[in-house]
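Visitor: Take a look and give me a structure for this.
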Amino acid sequence: MRRALGLLLLWTVLLATSLSWAGGGGAESPLLRVPWKVTEHRLPNGMRALLLPDKRAPAVVFLVWYQVGSREERAGKTGLAHILEHMMFRGTKERSGKEFSNLIKRNGGSHNAFTSYDYTAYYERMPADRLELVMQIEADRMVNLELRKEDFEPEKNVVLEERRTRTDDSPTSLLFEQVQAAAFTAHPYRNPIIGWERDIRSLGLDDLREFYRRYYDPANAIAVIVGDFEPEQAVRLLEKHFGPVPTRKPAGRPAFQQNAERVERRVVVRKEAELPYLSMAHHAPHWKSGDGHALAMLEAVLGGGETSRLHQRLVRRDQIALSAGADYTYISVDPGLFYLFAQPAPGKKAEEVERAIQEEVDRLIKEGVTREELDRALRSVEAQTVFSMDNPFYRAMLLGRAAVAGDWRLVESFLPGLAKVKPEDVVRVAKAYLGPEARTTGVLVPLPLERKPRRPPASLPHGPADGGR
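Guide: From the prediction side, this is the model:
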C-alpha cells in the first residue's frame with residue numbers, strides 16, 4: 001500500500017463508517033449514544049474553533065489545524081509543509097523542544113502531528129484539567145517558533161531517512177507515488193506530501209521562515225476540542241491564549257484545477273519485490289459534486305472489504321489476487337482520485353488481474369447493482385461505526401478534515417446522503433468515471449531480491465502515515 005494511501009484509506013473508511021450516527025441536533029447518537037453537540041466559535045483575529053463536549057472520560061483532545069499542506073508548495077519547494085511540521089517540535093522563544101515534550105509527558109499527555117495535501121495539524125491528548133496548558137503551548141509556537149540552522153540540518157536528514165524507509169524502499173509506496181504524479185499533470189496533488197528527494201535536499205532555512213510567516217496565522221487556523229470540558233470555559237481560554245496572537249492576513253488558498261484529460265496513461269515501476277502490484281487511478285469529483293455520495297457507495301460495492309465484488313471475484317473465487325480493493329476520497333479541498341488496486345497472487349501476472357478488474361467494472365455497468373447489495377454495503381458501513389466513533393480523537397479528526405475542506409457539517413450529512421443513493425446512481429458514476437480512456441494504470445514489476453543484509457532504518461519519530469512526526 002502506498003504511504004499516502006494508507007492514511008487516505010483510514011480516514012475514508014472512518015468517514016464512510018462513522019457518519020451514520022450524525023444527527024447534529026445536539027442529542028446523543030441513536031446508534032452509538034456518543035455525544036454530538038458541536039459549537040462553533042470565531043475569535044476576533046479570525047481563528048475558528050469547533051467544540052464537542054464528551055464527559056464520559058476525564059480527558060480531552062486538542063488539535064490545531066492549519067489550512068496549508070503540500071498543496072500550497074511551489075514547484076521545486078516540495079516537502080516544505082512536512083519539514084516545517086518537524087521543526088515545530090524544535091522549540092520557541094519560550095521553551096525548547098525537549099522542554100515542550102517533557103511538559104506534555106509530565107502532565108500525563110501525549111502529542112504528535114501530521115501533514116497531508118490539504119492541511120497540517122498538531123494535537124495533544126491530555127487529562128481534562130490540562131486543557132489550558134496545551135492552549136498555552138500551541139499559541140506559543142503559532143507565533144514564536146525558533147527556526148535555527150543547527151536544528152534544521154539534522155531534521156532534514158531525519159526527513160530524508162523517513163522518505164527512504166517509507167517510500168523509496170517500499171515498492172508499493174513508490175508505485176502509488178508515481179501513479180499519483182502521472183495522473184495529476186496540472187495540480188500540486190501530483191507531488192508527494194513528504195516531498196521529492198531533490199527538493200528536500202535543496203530547501204533552506206529562509207524557505208521555512210517564509211512558509212511559516214505566510215501560513216501559520218490564527219486566521220488560517222482551526223482549533224478542534226473534543227472531550228471533558230465546558231464550552232464556555234474553553235471559549236474563555238481560547239480568547240485568553242489565542243486571542244492576543246496578531247493576524248498577519250495570511251495568504252489565501254490558491255485555486256488549482258486539474259482539467260479532465262481523456263488520455264490513458266501507464267506507469268511501470270521496476271523494483272526489488274516478491275510480487276507485482278497493480279494500481280488503477282481515475283479522476284473523480286469530491287464532496288462538492290452531486291456524484292460524491294454515489295461514488296462513495298461505488299467504492300463500497302467494488303472494494304469495501306471482504307464482501308465487495310473485487311474481493312469476492314479476485315481473491316475468493318478466482319484466487320488470482322491476495323488482496324483487492326478500492327479507495328475514494330470524498331472529503332478534500334480539490335477533487336482527487338478513485339483507485340482500484342490489487343496484489344496478484346504468487347504465479348499470477350498483473351495483466352491477468354487487470355483484466356479481471358475491468359471485467360468487474362464492465363459487469364457492474366452492464367448488469368447493474370441490486371438494492372439488496374447497496375443495503376448490505378450500507379449496513380456494513382454502519383456496523384464499523386461501532387468500532388471507530390467511540391474514540392474522541394477520531395471525531396476530532398473528522399471535524400477538522402471536514403472544516404478544512406469547507407464545512408464541518410459534512411460529518412452530519414454524509415450517511416444520510418449515502419442512504420439516498422439508488423442502484424442506477426452507482427451504475428451512472430461507474431460509467432462516467434471508471435472508463436479506461438482516462439485511467440492512469442501503474443504496474444509494479446518485481447526484480448529479484450538481493451540477499452545482502454539491508455541497512456537498518458534510522459530511529460524515526462512515530463506518526464501517521466501521511467507525514468506525521
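
Visitor: What segments of the stretch 301-450 of the chain are helices?
Guide: For the stretch 301-450 of the chain, applying DSSP state H, counting those that start in this stretch gives helices covering 309-310, 350-367, 371-388, 392-405, 410-419, 423-433.

Visitor: which residues touch the last one?
Guide: The reference is to helix 423-433. With contact meaning Cβ atoms under 8 Å, 6 or more residues apart in numbering, helix 423-433 is reached by 282-284, 291, 293-295, 297-298, 301-302, 338, 361, 364-365, 368-371, 373-374. The way it works is simple: take the backbone N, C-alpha and C, and place the C-beta from them, glycine included.

Visitor: Buried residues, that helix. List them.
Guide: If you call a residue buried by 16 or more other Cβ atoms under 10 Å, then helix 423-433 has these buried ones: 423, 425, 426, 427, 429, 430, 433.

Visitor: Check what contacts the helix or strand hosting residue 51 and list those residues.
Guide: Assigned by DSSP states H and E, residue 51 belongs to strand 48-53. Residues outside strand 48-53 that contact it (Cβ under 8 Å, 6+ apart): 35-43, 221-231, 234-235, 238, 392, 395-396, 399-400, 403, 408.

Visitor: Now list the buried members of these.
Guide: Buried, going by 16+ other Cβ under 10 Å: 35-36, 38, 41, 43, 221-229, 231, 234-235, 238, 392, 395-396, 399-400, 403, 408, out of the contacts of strand 48-53.

Visitor: Now, the residues you listed that are in strands?
Guide: Those of the buried ones among the contacts of strand 48-53 mapping onto strands are 41, 221, 222, 223, 224, 225, 226, 227, per DSSP state E.

Visitor: nearest to residue 252, of these?
Guide: residue 221 (14.0 Å; Cβ to Cβ).

Visitor: re the thing from before, right, and the helices of the stretch 301-450 of the chain - which one's nearest residue 62?
Guide: helix 392-405 (8.2 Å).

Visitor: Lowest mean pLDDT among the helices and strands of the protein, which one is it?
Guide: Lowest mean confidence among the helices and strands of the chain (mean pLDDT, DSSP states H and E): helix 3-18, at a mean of 36.

Visitor: now stretch 100-116: mean pLDDT?
Guide: For stretch 100-116, mean pLDDT is 96.

Visitor: what's the first-to-last distance across it?
Guide: 24 Å (Cα to Cα, to the nearest Å).

Visitor: Flag the shaky bits of the chain, pLDDT-wise.
Guide: 1-34, 260, 385-386, 451-469 (pLDDT under 70).

Visitor: Could you rerun that using 50?
Guide: Residue ranges of the chain with pLDDT under 50: 1-32, 455-469.

Visitor: Helix, strand, or coil at the residue lying closest to residue 220 once chain neighbours are set aside?
Guide: With sequence-adjacent residues excluded and distances taken as Cβ to Cβ, 6 or more residues apart in numbering, residue 220 is closest to residue 250, at 4.1 Å. Taking DSSP: H, G, I helix; E, B strand; the rest coil as the rule, one finds residue 250 in the coil state.

Visitor: Tell me the spacing between residue 250 and residue 221.
Guide: 9 Å (Cβ to Cβ, to the nearest Å).

Visitor: before we move on, what about residue 254?
Guide: Taking Cβ to Cβ, one finds residue 254 at 18 Å from residue 221.

Visitor: doesn't residue 192 make contact with residue 70?
Guide: Yes - Residue 70 lies in contact with residue 192 (Cβ atoms under 8 Å); the separation is 7.4 Å.

Visitor: what's the overlap in contacts for the two?
Guide: With Cβ under 8 Å, 6+ apart as the test, residue 70 and residue 192 both reach residue 78.

Visitor: Distance to residue 183 for the helices of the stretch 301-450 of the chain - can I get that in a markdown table?
Guide: Shown next, in a markdown table, are the helices of the stretch 301-450 of the chain (distance: least, Cβ to Cβ, whole Å):
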| stretch | distance to residue 183 |
| --- | --- |
| helix 309-310 | 20 |
| helix 350-367 | 16 |
| helix 371-388 | 26 |
| helix 392-405 | 20 |
| helix 410-419 | 24 |
| helix 423-433 | 13 |
